[in-house]
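# Build me a model:
(one chain, ligands or ions: 1)
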Amino acid sequence: MKGEAVTDFDQVPGVLGRIVRERARDYEGANPDVGALRPRHGRFRAALSGSGLALIAEVKRASPSEGAIAPLDPAQAARAYEAGGAAAISVLTEPRHFDGTPEALHAVVAAANLPVLRKDFVVHPAMLREAADWGASAALLMVSVLGEAVGEYLELAHHLGLDALVEVHDDSELDLALAAGAEIIGVNNRDLTTLGIDLGVSPRLIRRAREAGFSGVLVAESGYRTAADLASVRDLADAVLVGSSLAGSGDLARAARELMAS
Ligand SMILES: O=P(O)(O)OC[C@@H](O)[C@@H](O)c1c[nH]c2ccccc12
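As a prediction, the model looks like this:
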């Protein structure tokens, strides 16, 4: 199965625009063929579908909003998150702004007994093929980046046996994700064009998705630092995705446990 690279990023503003244009250049000329159908185990989705709020803990060494966070060893960090009760691990593989690497993902897949999400700015089918080859269970697809192409990328991800976390930040992106047939929708509290956080975004859009009849998995993303911060999504979301506050805590297992204590 062959996909198409997304190249038209003129509409994407701010930091996000800069990053996706860099990523598109990185993968220019890469092979867009994702090969034969691979079996899908749905391990990422299953890990988030139990009762109670599940934690997706992120291996995040740096970010555009915080700069350097912590020089984490990815394997050690993943084992600590697992010990702290995480249901899945997210690993940044974007090199310039998040200090991510493919090796970090390899190391986490080898070290942890949990499903792993490749967190990157996917703009080319080859990035999904890599995620599957590297042993990830899921990949992030951002509607703010892919626009109408999100449906095609969802199909490519599923063809490769991957679950897809389809990320939205506003009403029109949510509508696109729902129309594309997303099974797992993440609502990002951070506006990636300005980097501003509004913890009201997740509860609002998660409610809207449920009202629209969405029966899949809903994930609240970004900006959560304390157990109290989670009150607004505790009985609403299936999972939360947390990076900076855990990664910068010094004791990742303990920070994960304390964050999720209700
Ligand atoms: O570090 P935080 O505020 O806990 O956020 C984690 C995660 O949600 C964030 O890293 C993220 C959400 N969507 C993204 C898209 C690309 C890069 C990073 C992200």
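# C-alpha from now on. contacts and neighbour counts both.
Will do.
# Identify each buried residue in stretch 111-129, please.
111-112, 114-129 (16 or more other C-alpha atoms under 10 Å).
# hmm, I was thinking of stretch 211-223
214, 216-223.
# now could you export just the CA positions of it as CSV?
The C-alpha coordinates for stretch 211-223 follow below in CSV (Å, rounded to 0.1, in the frame of the first residue of the first chain):
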residue,chain,number,x,y,z
GLU,A,211,-22.3,14.1,22.6
ALA,A,212,-21.6,13.4,19.0
GLY,A,213,-21.9,9.7,19.8
PHE,A,214,-18.1,8.9,19.7
SER,A,215,-17.6,5.6,21.5
GLY,A,216,-13.9,5.2,21.1
VAL,A,217,-11.0,6.2,23.5
LEU,A,218,-10.6,9.8,24.6
VAL,A,219,-7.3,11.2,25.8
ALA,A,220,-6.6,14.5,27.6
GLU,A,221,-3.2,15.8,26.7
SER,A,222,-0.7,18.4,28.0
GLY,A,223,-0.3,20.7,30.9
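# Figure out how far that stretch is from the centre of its chain.
Centroid separation between stretch 211-223 and its chain, computed with C-alpha atoms, centre = their mean, to the nearest Å, is 13 Å.
# Residue 90 against residue 118, yeah?
Yes - using C-alpha atoms under 8 Å, residue 90 is in contact with residue 118, at 6.3 Å.
# Contacts (any at all) between the ligand and stretch 203-221?
Yes - between stretch 203-221 and the ligand, judged by C-alpha under 6 Å from any ligand atom, the touching residues are residue 221.
# Just to be sure, residue 179 is in a helix?
Yes - under DSSP: H, G, I helix; E, B strand; the rest coil, residue 179 falls within a helix.
# measure it to residue 111 for me?
Counting by C-alpha to C-alpha, to the nearest Å, the separation of residue 179 from residue 111 is 36 Å.
# Pull the residues that contact stretch 68-85.
The contact list for stretch 68-85, computed with C-alpha atoms under 8 Å, 6 or more residues apart in numbering, reads 55, 57, 59-63, 88-89, 104-105, 107-108, 110-114, 244, 247-248, 252-257.
# ugh, wrong one, stretch 184-198
With C-alpha under 8 Å, 6+ apart as the criterion, stretch 184-198 contacts 12-17, 45, 65, 163-169, 177, 199-202, 205-206, 216-223.
# Filter those down to the buried ones and hand me the ChimeraX line.
Selection of buried members from the contacts of stretch 184-198 for ChimeraX, criterion 16+ other C-alpha under 10 Å:
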select :12,16,17,45,163,164,165,166,167,168,169,177,199,201,202,205,206,216,217,218,219,220,221,222,223
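# so of the contacts of stretch 184-198, which ones are in helices?
14-17, 45, 177, 201-202, 205-206 (DSSP state H).
# now, among those residues, which is nearest to the ligand?
Taking C-alpha to the nearest ligand atom as the measure, residue 16 is the one of those closest to the ligand, at 8.5 Å.
# Which pLDDT value goes with that closest one?
Note on residue 16: pLDDT of 94.
# If I follow the layout properly, residue 21 ends up in contact with residue 9?
Yes - judged on C-alpha under 8 Å, residue 21 makes contact with residue 9 at a distance of 6.7 Å.
# and the stretch 51-200 of the chain, which residues reach the ligand?
Looking at the ligand, the residues of the stretch 51-200 of the chain close enough under C-alpha under 6 Å from any ligand atom are 120, 188.
# what ranges do the helices span in the stretch 51-200 of the chain?
For the stretch 51-200 of the chain, the helices defined by DSSP state H, counting those that start in this stretch occupy 74-83, 95-98, 102-111, 125-133, 143-146, 150-159, 171-180.
# Dump the ones you listed into a markdown table; add mean pLDDT as well.
Output for these, formatted as a markdown table (pLDDT from 0 to 100):
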| stretch | mean pLDDT |
| --- | --- |
| helix 74-83 | 98 |
| helix 95-98 | 98 |
| helix 102-111 | 98 |
| helix 125-133 | 98 |
| helix 143-146 | 96 |
| helix 150-159 | 98 |
| helix 171-180 | 98 |
